[in-house]
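Peer 1: dropping the sequence and predicted coords here.
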Amino acid sequence: DVKVTQSSRYLVKRTGEKVFLECVQDMDHENMFWYRQDPGLGLRLIYFSYDVKMKEKGDIPEGYSVSREKKERFSLILESASTNQTSMYLCASSRDSTGELFFGEGSRLTVL
Amino acid sequence: RKEVEQDPGPFNVPEGATVAFNCTYSNSASQSFFWYRQDCRKEPKLLMSVYSSGNEDGRFTAQLNRASQYISLLIRDSKLSDSATYLCVVSLNTGGFKTIFGAGTRLFVKA
């Protein structure tokens, strides 16, 4: 059974803190994605990666960075969290462009 | 202009109704097309891929018109369990494959 696991379901952080969101997939997928989902805005792509150590900016990369040191792991980093980064963060992986995206359960981040 | 635009919702329909969702995309280089379903407080899951020839899966029919950059989803004989948000998704090659979601259309099916 396919599995995408996000390290934390709920996080509460303070403004200015560094935040790490971890995502691991067990399907040997090439592509991994980070989205944020906000009411009325849908899922917006932050960053994606199509290979180890490769990354591309999505539509809203500002304030975020990513790391993909191993194929199965894709991390999202907020260097200095701000209140406008309060959101649901969803990680996904896919085998290729014609394939299905598999999502983790999401990480709900609140920045106070 | 958003890369993927969908009908604003919500759609409220009775059981047994036929409901149609529409979606347009702006990038003509888009290569793959999908409909996803997202239940409340859950992650999105693939409903079906969309092909130029059109495709059907039970009560669900998806169509793609590349010339008009338009995608549709038709649900026949709606069930209460069809209540969810339906997301239009396109994927394009930018070196890697960038996958873009529409904002979604909420469907409520009522008894």
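Peer 2: Cool, got the structure.
Peer 1: every contact and neighbour count from this point should use C-alpha atoms.
Peer 2: Noted.
Peer 1: can you list the residues of chain A near chain B?
Peer 2: By C-alpha under 8 Å from any C-alpha of the partner chain, the residues of chain A that approach chain B are A:31, A:40-45, A:48-50, A:56, A:58, A:90, A:96-98, A:100-106.
Peer 1: measure stretch B:73-90 end to end?
Peer 2: 14 Å (C-alpha to C-alpha, to the nearest Å).
Peer 1: that stretch near chain A anywhere?
Peer 2: No: applying C-alpha under 8 Å from any C-alpha, one finds stretch B:73-90 out of contact with chain A, separated by at least 8.6 Å.
Peer 1: what comes up buried for that stretch?
Peer 2: Burial within stretch B:73-90, assessed by neighbour count using 16 or more other C-alpha atoms under 10 Å in any protein chain shown, is assigned to B:73-76, B:78-79, B:82-90.
Peer 1: and the strands in chain B, which stretches?
Peer 2: B:4-6, B:11-14, B:19-25, B:30-38, B:45-50, B:55-57, B:60-65, B:70-75, B:84-93, B:97-101, B:105-110 (DSSP state E).
Peer 1: got the CA positions of stretch B:43-55 in CSV?
Peer 2: The C-alpha trace of stretch B:43-55 is given here as CSV (Å, rounded to 0.1, in the frame of the first residue of the first chain):
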residue,chain,number,x,y,z
GLU,B,43,-6.2,14.9,1.6
PRO,B,44,-7.0,15.0,-2.1
LYS,B,45,-7.3,11.7,-4.0
LEU,B,46,-7.3,10.9,-7.6
LEU,B,47,-10.8,10.5,-9.1
MET,B,48,-9.8,10.0,-12.7
SER,B,49,-7.4,11.0,-15.4
VAL,B,50,-8.7,13.0,-18.4
TYR,B,51,-7.9,12.1,-22.0
SER,B,52,-8.6,13.9,-25.3
SER,B,53,-10.9,11.0,-26.4
GLY,B,54,-13.0,11.4,-23.2
ASN,B,55,-13.2,8.7,-20.6
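Peer 1: and it, what's buried?
Peer 2: Residues of stretch B:43-55 classed as buried: B:43, B:44, B:45, B:46, B:47, B:48, B:49, B:50, B:51, B:55 (neighbour count, 16+ other C-alpha under 10 Å).
Peer 1: pretty sure the fifth one contacts residue B:37?
Peer 2: Yes: with contact taken as C-alpha atoms under 8 Å, residue B:47 and residue B:37 are classed as touching, separated by 5.8 Å.
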